[in-house]
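Asker: A predicted structure for the sequence below; I have some questions about it.
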Amino acid sequence: MSNALAVAAVTTTLRSLFTTALGGVVSVTAKPLDEARQTAFDQVNLFLYQVSHSAALRNTPMPGQTKPGESGNPPLALNLYYLVTAYGQNNEDSAAHLLLGRVMSALHDHPLLNPDEIRSATQASLPDSDLHTQVERVRITPQAMPLEEMSKLWATFQTQFRISAAYQVSVVLIESTRASKTPLPVLGRGRQDDAGVATQPDLTTPFPTLLSVQTPDPEFGALLGQTLTLRGLNLDGANAAVHLTHPALNLERVLSPLLTHTAEEITVEIPNQPANFPAGFWTAAVEVTRPGETFSRTTNRQGFALAPKITTLLPASFARDAQGLATVQLSFDPEVRPAQRAALLLGDREIPAEPHPAQTATLTFRVTNPRPVDSPAAVEHFARLRVDGVDSLLVDRTEPAPVFRADQKVKIT
């Protein structure tokens, strides 16, 4: 490949080729069309009017520049479009036609710019150019340009039209200056005896995979001290541990040792630590060292809910004050963090908790009673504590049919 001087090197080489073809007595210039004609003598002008990317080599690293496994940077591959215009002495068209014919004949005889021509043309004015070392040859191809496009090009420079010929010169490869990524060579295929990749005759994943996390209550979730059942594939191995993550609070807990451990099922107990395992939605993953391997693998994550539990003895009664406002104070576990949203659900009503700037196991709720203060009737509600979208357990599923738990009631008197 070549450096950034390649475009100038092509122009210089073409000018040298024209000078040789014309016997060295005709002025060969490389100016824009509106400034090309500045003398009354014979003249040939070479104008680079367009540069485009080469679609064929735009994203292709050059062979030999990188080795297998390395990430090379593709070169800047360019196509150059030139316009060759001839001017006769005193603007004599017949002389211009003679000059144009001699130049076009030279280009016809030189469809390729060989390295020696490029080196000879650039060694004086562009000594740092290395276009002559480029692997791809620089080709010269006549470019068909309709009269309408040719006229528009001349009109752009607001100068009078002169008979011209268009050529495409390609491809010019300018080497990228970004460093390539060169990882170390591979010493072996696989981790043992250069055995290569492992294969199996089915579509089952060979890696540890977690399919589900089951809680004692599938609808409400798990409580502190209860057991999680993790089911999956290829979970057997040594040094197994369950990683629990609370995404909302950016917490992670590691549970080990396990209660049971097989290739398809793991059971583990959630520690009864109210201060360390807040309620909310958690995710679980298994880290295990598979048989025959010396490193650990971690499965994908599956979610489950850790529900709060009201520890205040219920049913409980709370009296209204003179304004009909009842203050309900409940204890529970696990403890609620300041960033967590907590609410008391009484029947179909949601009562947000009073501000709790510190981690706490007790919250206060202000309940407004729509009944008149002097009404003798007491209002009883089924109560649920909701923390970050997870409710305390209200449904008793030990009966033949699910029923609401009678011990989860709050009475407003």
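Answerer: Looks like it arrived, so ask away. A quick note: this is a predicted structure, and the numbers were derived from the prediction, not measured.
Asker: my guess is Ile310 contacts Gln329, does it?
Answerer: No - counting by CB atoms under 8 Å, Ile310 stays clear of Gln329, with 11.4 Å between them. C-beta coordinates here come from the backbone N, C-alpha and C atoms, glycine included.
Asker: how far away is Leu5 from Leu131?
Answerer: Distance from Leu5 to Leu131, counting by CB to CB, to the nearest Å: 7 Å.
Asker: Of the two, which one has the most company?
Answerer: Counted by other CB atoms under 10 Å, Leu5 and Leu131 do not tie: Leu131 has more neighbours, with 27 against 18.
Asker: okay but the more buried one is in contact with Val172, surely?
Answerer: Yes - contact criterion CB under 8 Å: Leu131 and Val172 qualify, at 7.3 Å.
Asker: which residues do those two both contact?
Answerer: In terms of CB atoms under 8 Å, 6 or more residues apart in numbering, Leu131 and Val172 are both contacted by the residues 2, 6, 10, 138.
Asker: Dump those residues into TSV; add secondary structure as well.
Answerer: Listed next are the shared contacts of Leu131 and Val172 as TSV, based on DSSP: H, G, I helix; E, B strand; the rest coil:
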residue	secondary structure
Ser2	strand
Ala6	helix
Val10	helix
Val138	strand
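Asker: what about stretch 62-80, how long is it end to end?
Answerer: 20 Å (CA to CA, to the nearest Å).
Asker: Give the burial count for Asn366, as a bare number.
Answerer: Actually, residue 366 is Arg. It isn't Asn. Neighbours of Arg366 using other CB under 10 Å come to 13.
Asker: so what's it up against?
Answerer: Contacts of Arg366 by CB under 8 Å, 6+ apart are 325-328, 351, 354.
Asker: Most neighbours among those, which one is it?
Answerer: Most neighbours among those, by other CB under 10 Å: Ala326, with 21 neighbours.
Asker: Using a markdown table, lay out the contacts of Arg366 together with pLDDT and secondary structure.
Answerer: Shown next, in a markdown table, are the contacts of Arg366 (pLDDT from 0 to 100; DSSP: H, G, I helix; E, B strand; the rest coil):
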| residue | pLDDT | secondary structure |
| --- | --- | --- |
| Leu325 | 87 | strand |
| Ala326 | 88 | strand |
| Thr327 | 90 | strand |
| Val328 | 92 | strand |
| Ile351 | 92 | strand |
| Glu354 | 94 | coil |
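Asker: Considering those, which is situated nearest to Thr205?
Answerer: Ile351 (47.1 Å; CB to CB).
Asker: any idea how far that closest one is from Ala285?
Answerer: The value you get for Ile351 to Ala285, if CB to CB is used, is 36 Å.
Asker: picking up where we left off before, could you tell me which residues touch both of Leu5 and Leu131?
Answerer: Thr122.
Asker: Helices of the stretch 51-200 of the chain, start to end?
Answerer: Ranges of helices in the stretch 51-200 of the chain, per DSSP state H, counting those that start in this stretch, are 93-109, 115-122, 147-156.
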